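> Give me the fold of what follows.
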Amino acid sequence: MTLERFRELFWDAFHRPKLLTSSIQETWKSLEAINDLLSGPLYAIYEKGNCDYVFLNNEPFEGISSPDDLMDWFQDLLRQYAEGLQAATPPASSEETKDLQLLDYQLDIKADLCEMAYELCVARLGTH
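A predicted model of the protein is given here:
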C-alpha cells in the first residue's frame, strides 16, 4: 500500500455524491457528522502523509494513543455509518436503490482508507 494509492481513493469516499432522490439525500445528511469525524484523520493523511495529531489526546480523539486505538475508533464510526444506511427506509424506486448503492460504495472505500491509514500509522509509529 502506498500513500499514492491512498490519495487516489480518497475523493471517491468523501466527495459529495450526486444523489437522485431526496429521501437518500436526507439519509446522507443524517450521516454527515460521522463522515466529518472519519474524514479528519484521513484528510490529514491525504494532505501530509500522517495523522499524528490524533495521538495528542484532544477531542474527539481522547484515549487514542496507538494505531490499534485509532483502528478501533475507525471501526466504531464505520459501524455507525453502516447502521445509518441500514436504517434508511427501504428503497421505493430504482433511483433510491442506485443512491443507496452509491453510499454503500463510498462506505466500502472509507473502510479501505481506514485500513490503509492503520497500515501507514503502524509503519510510522509501530504498535503497542
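> For the protein, which segments are assigned as helices?
Counting by DSSP state H, the segments of the chain that form helices are 3-14, 22-30, 32-48, 67-86, 94-125.
> packing partners for the first one?
Just to be clear, that refers to helix 3-14. Packed against helix 3-14, as judged by 3 or more C-beta pairs under 8 Å, 6 or more residues apart in numbering; DSSP states H and E, are the following elements: helix 32-48, helix 94-125. Bear in mind the C-beta positions are built from the backbone N, C-alpha and C, glycine included.
> Backbone torsions only: list them for E62.
Recorded main-chain torsions at E62 are phi -60, psi 140, according to degrees, to the nearest 10.
> do the same with E59
When read as degrees, to the nearest 10, the backbone of E59 gives phi -60, psi 140.
> swap in L19?
Dihedral angles of L19 (phi, psi; degrees, to the nearest 10) stand at phi -90, psi 140.
> how close does it sit to K110?
In this structure, L19 and K110 are 17 Å apart, going by C-beta to C-beta, to the nearest Å.
> what do you get for W73?
In terms of C-beta to C-beta, W73 sits 13 Å off from K110.
> again with K18
Relative to K110, and taking C-beta to C-beta, K18 is found at 18 Å.
> Please say which of those two ends up with more neighbours.
K110 (25 against 7; other C-beta atoms under 10 Å).
> Nearest residue to the middle of the chain?
Among the residues of the chain, K110 comes closest to the average C-alpha position under C-alpha atoms, centre = their mean, at 3.8 Å.
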